[in-house]
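K.L.:
After the sequence you'll find the predicted model.
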Amino acid sequence: MADGDADADGAQVRRLMVRGTRRVVSRCRDFTAEALADWGWLPARSEAGEERVEDVLLLVSEVVTNACLHAGGPEEFVLRNGREGLRVEVADASSEPPRVRAPRSPALPGGHGLMVLDRLAGAWGYEARGSGAPGKVVWLEVSRVPDRPPAERL
């Protein structure tokens, strides 16, 4: 599937092949911001929409950073924009699943990435890579904020 294609569910899909860890977090954030602009998430039409976009960019930073720190770096970064929202997928070569660290003070640096996913993503998880490729895909889903409050849609 090429960049910009639609998948079987009709979601718009963008892929970024990445190697290593140098500048990969900023590349994935920039790639995401550009896709969100193309897909109408930006400019946001409300404060809640702006917050949702900031959440998405923070979540991208967290999952890509985790791949860099714990899996040798991501190999593929995929965005799927569907009716329900956005799915972010980060594929790496490690078969080790994400592990939540023991609770610690939020004032201490590091070790809070999965807690951020728990709080900001609608859902997240991991699965083995398909097509016999080694490693896993860590994914997260974020719903899109409606353009107008429900009372105004009537």
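P.N.:
Right, received. Where do you want to start?
K.L.:
Surely residue 35 touches residue 14?
P.N.:
Yes: using C-beta atoms under 8 Å, residue 35 makes contact with residue 14 at a distance of 4.9 Å. The C-beta positions use only the backbone N, C-alpha and C, and glycine is treated the same way.
K.L.:
Tell me which stretches of this structure form strands.
P.N.:
12-17, 74-81, 85-92, 123-128, 136-143 (DSSP state E).
K.L.:
picking that back up, mind listing the shared neighbours of residue 35 and residue 14?
P.N.:
The contact sets of residue 35 and residue 14 overlap at residue 79 (C-beta atoms under 8 Å, 6 or more residues apart in numbering).
K.L.:
measure the closest residue to residue 92 other than its chain neighbours to residue 129 for me?
P.N.:
Distances taken as C-beta to C-beta, 6 or more residues apart in numbering put residue 71 closest to residue 92, at 3.8 Å, once the chain neighbours are dropped. For residue 71, the distance to residue 129 (C-beta to C-beta, to the nearest Å) stands at 12 Å.
K.L.:
what's the longest helix in this structure?
P.N.:
Scanning the chain for the helix with the most residues, using DSSP state H, yields helix 47-70.
K.L.:
elements contacting it?
P.N.:
Here helix 47-70 touches helix 24-38, strand 74-81, strand 85-92, helix 113-120, strand 136-143, going by 3 or more C-beta pairs under 8 Å, 6 or more residues apart in numbering; DSSP states H and E.
K.L.:
so it versus helix 113-120, what angle?
P.N.:
160 degrees (axes from the mean of the first three to the mean of the last three C-alpha atoms, to 10 degrees).
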